[in-house]
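Mind folding the following:
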Amino acid sequence: MAKLEFLTEQSFKEKVFNYEANKEWKYEGSVPCLIDFYADWCQPCKMVAPILEELQSEYGDKIKIYKIDTEQERTLAGMFGIQSIPSLLFVPVDGQPQMAVGALPKETFKRAIKDVLNVDVPVA
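Numbers count the residues shown, from 1 in each chain. As a prediction, the model looks like this:
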């Protein structure tokens, strides 16, 4: 099963957005990504975690799913104005990222991956 990658401030700058080098949003990755802002104590976050793992294994290398611990990475959480968790940032290769808040059902994730990230649902 594909493992989700946990981002620190440093790896975020390398893989998602180097906010020190760029004022305007500029995505550093080559495939769209989904970033889960979560905390270990958050019950809805625990509900979303297995769904995200399933999605990562279903979509394979078409998308990347990252996790950011809002307790550890307060700068990143602050930069995106995270007020409630889970907050999920959908990042297309081109265009602006879009935020969704709350424990979404799997179908909603798939719809957003298609609409925002322009990645089709994989054929099983």
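
Helix, strand or coil: sort out the residue most central in space within the chain for me.
Centroid-nearest residue in the chain, with Cα atoms, centre = their mean: residue 35, separated by 1.3 Å. Classification of residue 35 by DSSP: H, G, I helix; E, B strand; the rest coil places it in strand.

Spit out the contact partners of the closest residue in space to it that isn't next to it in sequence.
The spatial neighbour of residue 35 that comes closest, neighbours along the chain excluded (Cβ to Cβ, 6 or more residues apart in numbering), is residue 89 at 4.2 Å. All C-beta atoms are positioned from the backbone trio N, CA, C, and that covers glycine. Taking Cβ atoms under 8 Å, 6 or more residues apart in numbering as the criterion, residue 89 is in contact with 34-35, 37, 80, 97-99.

For this protein, give me the ranges with low pLDDT.
Applying pLDDT under 70 to the chain picks out residues 1-2, 123-124.

Do a quick rundown of the strands in it.
Applying DSSP state E to the chain gives strands spanning 5-6, 33-38, 64-69, 87-91, 98-101.

What strands flank the fourth one, and is each parallel or antiparallel?
It stands for strand 87-91. Sheet pairing for strand 87-91, assigned by DSSP bridges, gives strand 33-38 (antiparallel), strand 98-101 (antiparallel).

Report the inter-axis angle for the longest one versus strand 64-69.
Same thing as strand 33-38. 20 degrees (axes from the mean of the first three to the mean of the last three Cα atoms, to 10 degrees).
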